[in-house]
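A.B. asks: No letters, just coordinates:
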């Protein structure tokens, strides 16, 4: 039996990969110095939750087939050092995914935004159409128990991000998958702490496109000028397919795709999602599905977790939650909700949570990103700022950065919650955007407000 040990098993993708290997019949062990929910309960149910938190070199033994190293681990991790001393192979999770899929057609979905949504749409359609496939996706998707599947399927769909691979490998993850088909949705500066130079950041996507084999396909969003230029100038000799937003119309707050089959109702909305949908459709066509099959299945797609997720609604108001944090994602999400419901007041809340968003030098990138909101609110946690060793920006700095003199700024989640509970949500939408959780602010009372309107 193959046996693998995970260093930093508690991460979102890491614990899902561990569970996928258990499902495959492999022997799995792991360590971490912090494991939160839902990772903790899921690992415990599978019998692979570490007995104690921390790092234990004695767990690293010669009978292991390999170590899978997570980004949370440091380069001086005692278990990693022990594995190196014993000569046990050490894999980052992207390297391991590739090693498990060398005989499959590898489809990689990349881009600064939209990756999870596009990947989720593809997985949903393939599953609905009875296709056999493996996958790696960055969020929990309805209808899928894990974020990773590894089997004998002939194809694997991979959400490939540009973040660093591991403490031992400071290159982007998406290089390691060695794609046959790649989709690039957009290039907008993110990960300021890793790529402080925008030219260097753009170069990562150029290199990814250039890696496309002659027998493969590069699918790219031509609406994004940076993506368009990189794709069109890439020397790779593969098939190149450009896409833009799928034609659609909005009627009574509902979006319909305009197709040769007639209008097709869908449950997602916004120009950004229509771009994502068209990209997902191109991937499905490349994998042999027909347009009719795609349209049939996309109608039941409700979205990935925290991507324009509807938490509660009534006849004239709704509460949405979204993962948006980078400027381009923030602007696309705010615009999508306002355009879908133009007659409703839009109250938009953005938590500045990532290193980039909390960095004063990066702040000007947020200019205009909340212009479509009737009431624009920013929340930041002073403790999170201190942990990242950054300067806490004052209200005037934030208003200047977002280019909104009427921007509300909160540094206390309790006061933010009180403010939101005091609002009248008649004929209004509330949009909560963050890659964090507003310092564990409970949303139950807010949800209840949308029962009462």
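C.D. replies: Happy to help now that I have it. Predicted model, so just to flag it, every value in this text is computed and none were measured.
A.B. asks: For residue 361, grab phi and psi.
C.D. replies: Phi and psi for residue 361, reported as degrees, to the nearest 10, are phi -70, psi -30.
A.B. asks: Tell me how many other residues crowd it.
C.D. replies: Counted by other Cβ atoms under 10 Å, the residues lying close to residue 361 total 10. Every C-beta, even on glycine, is put in place using the N, C-alpha and C of the backbone.
A.B. asks: how about residue 309, what does it touch?
C.D. replies: 303, 320, 321, 322 (Cβ atoms under 8 Å, 6 or more residues apart in numbering).
A.B. asks: my bad, should have said residue 199
C.D. replies: Residues counted as contacts of residue 199 (Cβ under 8 Å, 6+ apart): none.
A.B. asks: Can you tell me the SS state at it?
C.D. replies: Look at residue 199: counting by DSSP: H, G, I helix; E, B strand; the rest coil, its state is helix.
A.B. asks: ok, it to residue 394 distance?
C.D. replies: 31 Å (Cβ to Cβ, to the nearest Å).
A.B. asks: Also residue 316?
C.D. replies: Noted for residue 316: a distance of 37 Å to residue 394, by Cβ to Cβ.
A.B. asks: do residue 31 as well
C.D. replies: Distance of residue 31 to residue 394, computed by Cβ to Cβ: 42 Å.
A.B. asks: thinking again about what came up before, who has more neighbours out of residue 316 and residue 394?
C.D. replies: Higher neighbour count among residue 316 and residue 394: residue 316, with 15 against 11, using other Cβ under 10 Å.
A.B. asks: tell me the pLDDT at the more buried one?
C.D. replies: If you check residue 316, the pLDDT there is 88.
A.B. asks: cool, residue 13 as well?
C.D. replies: 89.
A.B. asks: so where's the stretch 51-200 of the chain uncertain?
C.D. replies: Along the stretch 51-200 of the chain, segments meeting pLDDT under 70 span 189-196.
A.B. asks: Give the closest residue to residue 205 in space, chain neighbours not counted.
C.D. replies: Ranked by Cβ to Cβ, 6 or more residues apart in numbering and with sequence neighbours excluded, the top spatial neighbour of residue 205 is residue 187, at 5.3 Å.
A.B. asks: The one you found: what secondary structure?
C.D. replies: Using three-state DSSP, the structure places residue 187 in coil.
A.B. asks: my guess is it meets residue 226, correct?
C.D. replies: Yes - with contacts counted by Cβ atoms under 8 Å, residue 187 reaches residue 226, the gap being 4.2 Å.
A.B. asks: For these two, work out which one has more neighbours and name it.
C.D. replies: Taking neighbours as other Cβ under 10 Å, residue 187 and residue 226 compare with residue 187 leading, 26 against 18.
A.B. asks: OK, contacts around that one?
C.D. replies: The neighbours of residue 187, taking Cβ under 8 Å, 6+ apart as the test, are 111, 112, 201, 202, 205, 224, 226, 227, 230.
A.B. asks: Repeat the analysis, applying 7 Å as the threshold.
C.D. replies: 112, 202, 205, 224, 226, 227 (Cβ atoms under 7 Å, 6 or more residues apart in numbering).
A.B. asks: quick one: the last one from residue 198, how far?
C.D. replies: This points to residue 227. Plainly put, residue 227 is 14 Å away from residue 198 if you go by Cβ to Cβ.
A.B. asks: Same drill for the two, tell me which one is more crowded.
C.D. replies: Neighbours of residue 227 and residue 198, each counted by other Cβ under 10 Å, are more numerous for residue 227; the result is 25 against 14.
A.B. asks: so how far is residue 120 from that one?
C.D. replies: Taken as Cβ to Cβ, the span from residue 227 to residue 120 is 20 Å.
A.B. asks: and the helix or strand harbouring residue 19, what does it pack onto?
C.D. replies: Using DSSP states H and E, residue 19 sits within helix 12-23. The contact analysis (3 or more Cβ pairs under 7 Å, 6 or more residues apart in numbering; DSSP states H and E) places helix 12-23 against strand 3-7, strand 27-31, helix 39-45, helix 93-99, strand 148-149.
A.B. asks: Turn the ones you listed into CSV, including distance to residue 356 and mean neighbour count.
C.D. replies: Listed next are the helices and strands packed on helix 12-23 as CSV, based on distance: least, Cβ to Cβ, whole Å; neighbours: other Cβ atoms under 10 Å:
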stretch, distance to residue 356, mean neighbour count
strand 3-7, 27, 23
strand 27-31, 30, 20
helix 39-45, 25, 16
helix 93-99, 22, 21
strand 148-149, 27, 22
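A.B. asks: Pipe these into JSON lines and attach distance to residue 375 per row.
C.D. replies: As requested, those are exported to JSON lines (distance: least, Cβ to Cβ, whole Å):
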{"stretch": "strand 3-7", "distance to residue 375": "44"}
{"stretch": "strand 27-31", "distance to residue 375": "45"}
{"stretch": "helix 39-45", "distance to residue 375": "36"}
{"stretch": "helix 93-99", "distance to residue 375": "41"}
{"stretch": "strand 148-149", "distance to residue 375": "40"}
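A.B. asks: quick one, which of the ones you listed is nearest to residue 54?
C.D. replies: Evaluated over those, closeness to residue 54 peaks at strand 27-31, with 7.0 Å, by Cβ to Cβ.
A.B. asks: Any idea how far the closest one is from the middle of the chain?
C.D. replies: Chain-centre distance of strand 27-31: 26 Å, with Cα atoms, centre = their mean, to the nearest Å.
A.B. asks: Partner strands of that strand and their direction?
C.D. replies: strand 3-7 (parallel) (DSSP bridges).
A.B. asks: Quick check: mean pLDDT of the strand it pairs with?
C.D. replies: On average, strand 3-7 scores 97.
A.B. asks: and the angle for it with helix 12-23?
C.D. replies: Taking axes from the mean of the first three to the mean of the last three Cα atoms, to 10 degrees, one finds that strand 3-7 is oriented at 160 degrees with respect to helix 12-23.
A.B. asks: What lies in contact with strand 3-7?
C.D. replies: Counting by Cβ under 7 Å, 6+ apart, 14, 18, 21, 26-31, 59-60, 63-70, 73, 77, 79-80 sit against strand 3-7.
A.B. asks: Any idea how far apart the tips of stretch 316-333 sit?
C.D. replies: 19 Å (Cα to Cα, to the nearest Å).
A.B. asks: Tell me the buried residues in that stretch?
C.D. replies: 317-333 (16 or more other Cβ atoms under 10 Å).
A.B. asks: Strands - which of those residues land there?
C.D. replies: Applying DSSP state E to these, the entries found in strands are 318, 319, 320, 321, 322.
A.B. asks: what's the spacing between the third one and residue 422?
C.D. replies: Same thing as residue 320. Counting by Cβ to Cβ, the gap from residue 320 to residue 422 is 19 Å.
A.B. asks: what do you get for the second one?
C.D. replies: Here the distance between residue 319 and residue 422 works out to 15 Å (Cβ to Cβ).
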